[in-house]
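>>> Just need the structure, nothing else, for what follows:
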Amino acid sequence: MTVILRRVARPLLATIFVTGGINALRQAEGHAKAAEPFLNNAFDKLGDVVPEQVPRDPVTLVRVDAAVKIGAGLALASGKAPRLAAGLLLGSLVPTTLATHSFWTLKDPGERQQQQIQFFKNASLAGGLLLAVADTAGKPSVGWRARRAAKDVGHSAEKLSRKGQKRANKLAKRAQKALPN
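As a prediction, this is how the structure comes out:
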């Protein structure tokens, strides 16, 4: 991707998260009521795994999620740690989508269709976030740089080993000459 494309695409992608986060902060109780069945179910299933320091109050969780969306959205939009920001947004999007757009549980065809559209919209956003997570801005990834550094260290070690072996051979020959026959 080009620099201009990133400067346009990141704020466009981030906009829905920042505005959604602001909306969630303004209407935390309403969002919490919608998320409560999902959260109760999740805590019933995963309660033993989730540390006790994690709040279980739906309003608090909605506010935390909203803060993540606003903070990570602004970071993505401004290009500050965009890969991390996109990862945080993705981590926020998945439970939000499951909590609020579980179309497969609905009986009413009209409501089911609306929630299905919202679910797939969020799935599309997840695709955009995955691209942003993977975008290294034309620079090699950390993994590639680490493998390259390890390879370079390996080559340097081989070279030093060969030099050391040559030096040891020279010293052995000198010692051999110095010894009386």
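
>>> from here on, contacts and neighbour counts on C-alpha atoms
Will do.

>>> Let me know the helix or strand that the closest residue to Pro11 other than its chain neighbours is in.
Spatial nearest neighbour of Pro11, excluding adjacent residues (Cα to Cα, 6 or more residues apart in numbering): Ala77 at 3.9 Å. Counting by DSSP states H and E, the element that carries Ala77 is helix 58-78.

>>> Equivalent analysis for Pro140, please.
Using DSSP H and E, Pro140 sits within no helix or strand.

>>> do you know how far it is from Ala42?
38 Å (Cα to Cα, to the nearest Å).

>>> With neighbour numbers in mind, choose between the two.
Ala42 (14 against 11; other Cα atoms under 10 Å).

>>> related to what we said a few turns ago, distance of the residue nearest to Pro11 from Phe17?
From Ala77 to Phe17 the distance is 10 Å (Cα to Cα).

>>> Then Thr136?
According to Cα to Cα, Thr136 stands 22 Å off from Phe17.

>>> Would you mind telling me which of the two has more residues around it?
Phe17 (23 against 14).

>>> Now do the same contact list for the nearest residue to the more buried one once chain neighbours are set aside.
Distance criterion Cα to Cα, 6+ apart; nearest residue to Phe17, sequence neighbours excluded, is Lys69 at 5.3 Å. The contact partners of Lys69, taken as Cα atoms under 8 Å, 6 or more residues apart in numbering, are Phe17, Val18, Gly20, Gly21, Leu88, Leu89, Ser92.

>>> Please repeat the previous calculation with a cut-off of 6 Å.
By Cα atoms under 6 Å, 6 or more residues apart in numbering, the residues touching Lys69 are Phe17, Val18, Gly21.
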